[in-house]
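Undergrad: Give me the fold of what follows.
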Amino acid sequence: MKRDKGIQNFLDGFAKKAFGRSPTEAKEKGVCVTCGKEIKMEDFKDQLSIKEYGISGLCQKCQDDTFGR
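TA: Here you go, the predicted structure:
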């Protein structure tokens, strides 16, 4: 997902302070922004979950924990 550079910088800075990694870094390394576990595309439940990973950098488990699925 393409965001305005200023917004992306804000989100990256916030996540880096909260989780020790930014969504941009996490996606580049193929890990979850929250828990740091390796991302495996087959672990996602559906296309919506994959899309959410592209937005937030959250793995399926962290999405479930966050959104209560």
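
Undergrad: State the next helix or strand along the chain beyond the helix or strand of the chain with the lowest mean pLDDT.
TA: Ranked by mean pLDDT, DSSP states H and E, the helix or strand of the chain with the weakest confidence is helix 5-19, at a mean of 86. Following helix 5-19 in sequence order, the next helix or strand is helix 23-29 (DSSP states H and E).

Undergrad: What's the mean pLDDT across that following helix?
TA: For helix 23-29, mean pLDDT rounds to 91.

Undergrad: Stretch 62-69 too?
TA: Here the average pLDDT along stretch 62-69 is 92.

Undergrad: Centroid-nearest residue for the chain?
TA: G57 (1.0 Å; CA atoms, centre = their mean).

Undergrad: related to what we said a few turns ago, what does the least confident helix or strand of the chain rub up against?
TA: Residues external to helix 5-19 that are found in contact with it (CB atoms under 8 Å, 6 or more residues apart in numbering): 3, 21-25, 33-34, 36, 57. Quick note: C-beta positions are derived from backbone N, CA and C, even for glycine.

Undergrad: just stretch 53-65 next, same as before
TA: 1, 15, 23, 26-27, 32-35, 37, 39, 43-45, 49, 52, 66, 69.
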